[in-house]
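Enquirer: Let me see the structure of the following:
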Amino acid sequence: MGRFISWLILIPTAAAAIAFAVSNRVTAPLDLWPFPYVIELPVFALVLGGGVAGFVIGGLVAWLSGGRARRRARQAEGRADRAERDHEQTRLRLSRAEDEARRAREQETTSEAQLPAPVSPRDAA
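Expert: Presented below is the predicted three-dimensional model:
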């Protein structure tokens, strides 16, 4: 669906840019002040070049301004990974402790079964 929408936007935009370029082929001077250069370019190149430059600069500004959020996301991901490892280690330690407790209870019950029955004073006489 997303690909269809992108094509739906891209095709008319490309058609408009092509129509603009075809109808504006007249040259215009571009003065590169403070340098002593003047370049003759077609009007469509000036306009579309300015649009592309604005797009690139805007993308760069957006990328730079998102740096703090990306850094915080990386740090949060690292903390989450450490917490997950700690949780797994704690779960393993708990499992081992439960196994040891179960074995100790089993040994306790088997050792009680092997003890001789207590002798009452009446039975001894």
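Enquirer: CA atoms for contacts and neighbours, from now on please.
Expert: Noted.
Enquirer: ok, and for the host helix or strand of Leu60, which residues are buried?
Expert: Assignment of secondary structure by DSSP states H and E places Leu60 within helix 43-65. By neighbour count with 16 or more other C-alpha atoms under 10 Å, helix 43-65 contains the buried residues 43-44, 46.
Enquirer: Next: stretch 22-34.
Expert: So, applying 16+ other C-alpha under 10 Å, stretch 22-34 has no buried residues.
Enquirer: and it, how far from the chain's centre?
Expert: Stretch 22-34 sits 44 Å away from the centroid of its parent chain (C-alpha atoms, centre = their mean, to the nearest Å).
Enquirer: Quick check: Thr109 vs Tyr37, distance?
Expert: Using C-alpha to C-alpha, to the nearest Å, Thr109 is found at 99 Å from Tyr37.
Enquirer: nope, Ala21 is what I was after
Expert: In terms of C-alpha to C-alpha, Ala21 sits 24 Å off from Tyr37.
Enquirer: quick check: angle from the longest helix seen in the chain to helix 43-65?
Expert: Counting residues, the longest helix found in the chain (DSSP state H) is helix 67-114. Using axes from the mean of the first three to the mean of the last three C-alpha atoms, to 10 degrees, the direction of helix 67-114 lies 40 degrees away from that of helix 43-65.
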